[in-house]
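A.B. asks: got a structure for you, letters missing:
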């Protein structure tokens, strides 16, 4: 036997659990942050084909409304209800 024998204190269950959780926390944190980074990069590179079409659709709707307004000027309007007719 060695001349420098040391008796180590027994490890408690609480110390074992804390050591286990402490050793698992950093890898889980790294995996979470890498996944978050990956998905944030991926989200910025996805083309949204619907977004550029929205302004064109809005312009088409505005032009359709103006055409309808012009057509309504040519047609006679319905007589307005007067208060006297009650």
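C.D. replies: Perfect, I can see it now. Quantities reported herein were computed from a predicted structural model and do not represent experimental measurements.

A.B. asks: Can you give me the neighbour number for residue 24?
C.D. replies: As a burial measure, residue 24 scores 10 neighbours (other CB atoms under 10 Å). Every residue, glycine included, has its C-beta placed from N, CA and C.

A.B. asks: same check, this time on residue 31
C.D. replies: 10.

A.B. asks: Over to residue 62?
C.D. replies: Residues near residue 62, counting by other CB under 10 Å: 10.

A.B. asks: How about residue 39?
C.D. replies: Neighbour number of residue 39 under other CB under 10 Å is 10.

A.B. asks: try residue 7
C.D. replies: 5.

A.B. asks: can you map out the helices along the protein?
C.D. replies: 13-45, 50-74 (DSSP state H).

A.B. asks: can you give me phi and psi for residue 11?
C.D. replies: Phi and psi for residue 11, reported as degrees, to the nearest 10, are phi -80, psi 130.

A.B. asks: what about it, distance to residue 25?
C.D. replies: 19 Å (CB to CB, to the nearest Å).

A.B. asks: got it, and residue 39?
C.D. replies: From residue 39 to residue 25 the distance is 21 Å (CB to CB).

A.B. asks: With residue 33 instead?
C.D. replies: Taken as CB to CB, the span from residue 33 to residue 25 is 12 Å.
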